[in-house]
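A.B. asks: model the structure of this input:
(2 chains)
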Amino acid sequence: MTETALDLRTERAEAAAADWLVRVQAGGLTVAQGLAFARWLGEPAHRAVFDRLEVLWLDLDEVAVLRRPSVVPLSPARPQPRRTPA
Amino acid sequence: MIWKAEPMGEAARDLNGLVASYVEHRPMLVRLFSARTGSAAAAEDLVQDIYVRIADLDGDAPVVNGIGYLYRVGWNLMLDARRGARRSAARESHWTETVTARVGTETVMEEPSAEAAIDAKRRLEQIVQALEELPPQVQRAFRLHKFDGLSHAQVAAVMGVSRSSVEKHISRALRRLLRATRP
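C.D. replies: Residues are numbered from 1 along each chain as shown, chains lettered A, B, ... in the order given. Modelled structure (predicted):
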């Protein structure tokens, strides 16, 4: 496989992994999507990318600790932060 | 019948709905988490933990999409486990380092743990830089969600955009960060 083709595959897998993670987190994954996600994860290269994404997600917790408070303009209408969803 | 005369509260019905949803979708949960962990046994344990978690809820779970909620609970449990494993690994390496320093000779060797710490630091710096290079709206949505703990819907309200835009922003941010941290 050429370098470019490999890059393109990696990029596609990264995009898909990000979309899956966001969908899982939104709590809106349907049965059909869950099956599609399981199929997608069945590809070892995909699982490796998703694993990287989870490691990244945990690393971001450490970034958050380093950089708190993040710069967010507070407005009176700002809703209370939700606790980590169960 | 007594139970009819005293209808269950909304919350209790939701909880029962969740358990019913769990029973119905258990095989799907095992299937997805088997695919994720690569181990049917690990998936079984995790899916059992999902049950323990939802059975623990005080009945105040506002659940619309049962299976989606259960997938999310499972994913969070998995991440919690990894977080815990990371912490004990960090403690372990710290312990090794301390002991080595105390009993070591004057020769300062490059400790694997020190090397790993430098790699970890470099990686965090990479992430911070990639975060700062995100387009402003993407960055804002991502920070509000990941660092301030707002839900997608709350981020949407704060930013005055749709929830689907927020989800696109977050996905885009993750994509960029993944790219910036490729091995």
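
A.B. asks: so where's chain A shaky on pLDDT?
C.D. replies: A:1, A:66-86 (pLDDT under 70).

A.B. asks: by contact count, what packs against the helix or strand residue A:45 falls within?
C.D. replies: Assigned by DSSP states H and E, residue A:45 falls within helix A:44-67. On a contact count with 3 or more C-beta pairs under 8 Å, 6 or more residues apart in numbering or on different chains; DSSP states H and E, helix A:44-67 meets helix A:3-26, helix A:31-41, helix B:10-37, helix B:66-103, helix B:112-132, helix B:163-180. Yep, even glycine has a C-beta here, placed from its N, CA and C like the rest.

A.B. asks: got the buried residues for it?
C.D. replies: For helix A:44-67, a neighbour-count test (16 or more other C-beta atoms under 10 Å in any protein chain shown) marks A:46-47, A:49-50, A:52-54, A:56-57, A:59-60, A:63-64 as buried.

A.B. asks: between the residues you listed, which is closest to chain B?
C.D. replies: Nearest to chain B among the buried residues of helix A:44-67 is residue A:64, at 4.6 Å by C-beta to the nearest C-beta.

A.B. asks: not counting its neighbours along the chain, what's nearest that closest one?
C.D. replies: Once flanking residues are discounted, residue A:64 sits nearest to residue B:147: 4.6 Å by C-beta to C-beta, 6 or more residues apart in numbering or on different chains.

A.B. asks: residue B:45 and chain A: what is the separation?
C.D. replies: 17 Å (C-beta to the nearest C-beta, to the nearest Å).

A.B. asks: which parts of the helix or strand where that residue lies count as buried, going by neighbours?
C.D. replies: Secondary structure assignment for residue B:45, by DSSP H and E: helix B:40-56. By 16+ other C-beta under 10 Å, the buried positions in helix B:40-56 come out as B:43, B:46, B:47, B:49, B:50, B:51, B:54.

A.B. asks: and stretch B:74-84, by the same measure?
C.D. replies: In stretch B:74-84, counting by 16+ other C-beta under 10 Å, buried: B:74, B:75, B:76, B:77, B:78.

A.B. asks: same check on stretch B:167-180?
C.D. replies: Quick answer for stretch B:167-180 (16+ other C-beta under 10 Å): B:167, B:168, B:169, B:170, B:171, B:172, B:173, B:174, B:175, B:176, B:177, B:178.

A.B. asks: OK, contacts around the fifth one?
C.D. replies: Meaning residue B:171. Applying C-beta atoms under 8 Å, 6 or more residues apart in numbering or on different chains, we find residue B:171 in contact with A:15, A:18, A:19, A:21, A:22.

A.B. asks: let's see 7 Å
C.D. replies: A:18, A:19, A:22 (C-beta atoms under 7 Å, 6 or more residues apart in numbering or on different chains).

A.B. asks: pick the one among the residues you listed closest to residue B:118.
C.D. replies: Nearest to residue B:118 out of the contacts of residue B:171 is residue A:18 (C-beta to C-beta; 27.8 Å).

A.B. asks: gap between residue B:77 and chain A?
C.D. replies: 9 Å.

A.B. asks: pLDDT wise, what is that residue at?
C.D. replies: You'll see residue B:77 listed with a pLDDT of 95.

A.B. asks: distance of the nearest residue to it once chain neighbours are set aside from chain A?
C.D. replies: Leaving aside its chain neighbours, residue B:77 sits nearest to residue B:49 (5.3 Å; criterion: C-beta to C-beta, 6+ apart). Per C-beta to the nearest C-beta, residue B:49 is found 12 Å from chain A.

A.B. asks: please apply the same query to residue B:152.
C.D. replies: 6 Å.

A.B. asks: what do you get for residue B:42?
C.D. replies: Where chain A is concerned, residue B:42 sits at a distance of 13 Å (C-beta to the nearest C-beta).

A.B. asks: list the contacts for that residue?
C.D. replies: Here residue B:42 is in contact with no residue (C-beta under 7 Å, 6+ apart).

A.B. asks: next one: it, what pLDDT does it get?
C.D. replies: Taking residue B:42 on its own, its pLDDT is 94.
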